[in-house]
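> here's my sequence, what's the structure:
(chains A and B)
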Amino acid sequence: MDVGPLDFRKIMGEENMFDMNEQIKKWRCDLAQKKTLEKSDIDELENHLREEIERLTESELTEEEAFMVAAHRLGHSDSLSEEFAKVNTSILWRKRLFRIGIIVFAWIILTYIGQVVSRICQILAVFVGFRGYTLSVIDVLSQVAFFGVIVFALYLISRKKDIEGVSFFKIADSFRGKIMLCIIVFIVAAGTFAFNILSSVISARLLSPQEFGRISMFKSYQGLVQEIFLPLVLLLGIILIRPSKLRKAEV
Amino acid sequence: MTISKDLVAASATPLILSILAEGESYGYAIIKRVRELSNEQICWADGMLYPVLHRLEQQRLIDSHLRTSETGRKRKYYRLKKKGTRMLKEQKNQWMLVHSILEKLWEKKTCLT
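Numbering: from 1, shown residues only, chains lettered A, B, ... in the order given. From the prediction side, this is the model:
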């Protein structure tokens, strides 16, 4: 039988040994997740924690006990983050501004996607055999349907107690998440732009110049649809991420 | 005897300013000092001191700088500023006033009984 170093460690009980640095790291992560503490705040608290642990270990406590007591004395991460939030208001505002930015971005992307949806419906309608004003009506109706679905989806999400949106914002808060979002926005914007040009060419080939002109004119009606529905979407978005709701979800 | 939450919150500013008036200090030492002076009667949840310190810093009553201690620890030291000294004086007057009023009232009571 192979009696390797692993068995030796088992006998010594080292696998259960308390790793102070690991514990402190975990404790830091817990605080960092609260988002109301700056890194320097956490550094300062960690310093305090270590000094307290040092003092406690001198008075007959084991490292593990000392850590538990010191962390308890320092306060629970929820109450700490609440207290720090009162001081670090600038962080909260930065966060809020960032979220508003995301909503504006979502607005722009939604208009792009809405356009693509209506174009696809239009071209399909042309293939089926529709002509004339019917095409324009389909164009507008498809946009209404699209934004209707979006509004309804947002409404359903906002009614839920545990918002899915929160996890989305958690992604958006991390650096990698931000880069990913930017890339996605860029791809969607470029894709829809290319598709719009392509679809114009397709419908110009399929339709007579007169009909194409009529459709183009009707396009302006779409502006109306967007102006009615997008503010609604935006409003729901704001209700969705209102501070009180977010705070509840974070706890 | 434990001191009520409101009183702890109200007394935090004059306590911190008074301790810093003795010379610059850092979070852990300030809490230790409060504990000693009050014979462990005032027990702040230790972490709560730091937001208070940061607020005093934002109000420009104190300022801070990082310094490595003899033991090799990087500590954030806080120091009283001129505005803080003025604030401390003001606070002192206010607390002394409340103190004297209460004293008078309670003295009367003890005379009666």
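
> now do the strands in chain B.
Ranges of strands within chain B are B:25-26, B:62-68, B:74-80, based on DSSP state E.

> using a markdown table, lay out those together with distance to residue A:129 and mean pLDDT.
From N, CA and C alone the C-beta is placed, and that goes for glycine too. Shown next, in a markdown table, are those (distance: least, C-beta to C-beta, whole Å; pLDDT from 0 to 100):
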| stretch | distance to residue A:129 | mean pLDDT |
| --- | --- | --- |
| strand B:25-26 | 81 | 92 |
| strand B:62-68 | 76 | 88 |
| strand B:74-80 | 76 | 90 |
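
> relative to chain A, how far out is residue B:38?
Look at residue B:38 and chain A: by C-beta to the nearest C-beta, to the nearest Å, they are 15 Å apart.

> next secondary structure after the longest helix along chain A?
Ranked by number of residues, the top helix in chain A under DSSP state H is helix A:89-128. Per DSSP states H and E, the first helix or strand lying C-terminal to helix A:89-128 is helix A:133-159.

> and that next one, what's buried?
Of all the residues in helix A:133-159, those buried under the rule 16 or more other C-beta atoms under 10 Å in any protein chain shown are A:135-136, A:138-140, A:142-143, A:146-147, A:150-151, A:154, A:158.

> thinking again about what came up before, may I see the strands of chain B arranged in JSON lines, with distance to chain A and mean neighbour count as well?
Listed next are those as JSON lines, based on distance: least, C-beta to the nearest C-beta, whole Å; neighbours: other C-beta atoms under 10 Å in any protein chain shown:
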{"stretch": "strand B:25-26", "distance to chain A": "8", "mean neighbour count": "20"}
{"stretch": "strand B:62-68", "distance to chain A": "9", "mean neighbour count": "14"}
{"stretch": "strand B:74-80", "distance to chain A": "5", "mean neighbour count": "19"}
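
> for the stretch 1-150 of chain A, give me the ranges with low pLDDT.
A:1-17, A:91 (pLDDT under 70).

> got the residues of it near chain B?
Within the stretch 1-150 of chain A, the positions near chain B by C-beta under 8 Å from any C-beta of the partner chain are A:40-41, A:43-45, A:47-48, A:50-52, A:73-75, A:79-80, A:83-84, A:86-88.

> please name the residues that touch the residue nearest the centre of chain B.
Nearest to the geometric centre of chain B sits residue B:15, at 1.5 Å (C-alpha atoms, centre = their mean). Residue B:15 makes contact with residue B:34, according to C-beta atoms under 8 Å, 6 or more residues apart in numbering or on different chains.

> how much space separates it from residue B:53?
Going from residue B:15 to residue B:53 by C-beta to C-beta, to the nearest Å gives 11 Å.

> what segments of chain A are strands?
Under DSSP E, chain A gives no strands.

> ok, the residue in it that chain B sits nearest to - how many residues close by?
Distance from chain B to each residue of chain A (C-beta to the nearest C-beta) is smallest for residue A:75, at 3.8 Å. Neighbour count of residue A:75, defined by other C-beta atoms under 10 Å in any protein chain shown: 20.

> please apply the same query to residue B:37.
13.

> with residue B:35 instead?
As a measure of burial, residue B:35 has 15 neighbours, counting by other C-beta under 10 Å.

> correct me, but it touches residue B:29?
No - at 10.6 Å, residue B:35 and residue B:29 do not qualify as touching, with contact defined as C-beta atoms under 8 Å.

> gap between residue B:51 and residue A:83?
4 Å.

> return the residues in contact with residue 66.
By default, I'm working from chain A. Here residue A:66 is in contact with A:52-53, A:56-57 (C-beta under 8 Å, 6+ apart).

> that's the other chain; I wanted chain B
Counting by C-beta under 8 Å, 6+ apart, residue B:66 has contacts B:74-77.

> mind doing that once more with 6 Å?
B:74, B:76 (C-beta atoms under 6 Å, 6 or more residues apart in numbering or on different chains).

> and if you look at the one 10 residues further on?
When contacts are counted by C-beta under 6 Å, 6+ apart, residue B:76 touches A:44, B:26, B:64, B:66.

> now, which of those residues sits nearest residue A:238?
residue A:44 (34.9 Å; C-beta to C-beta).
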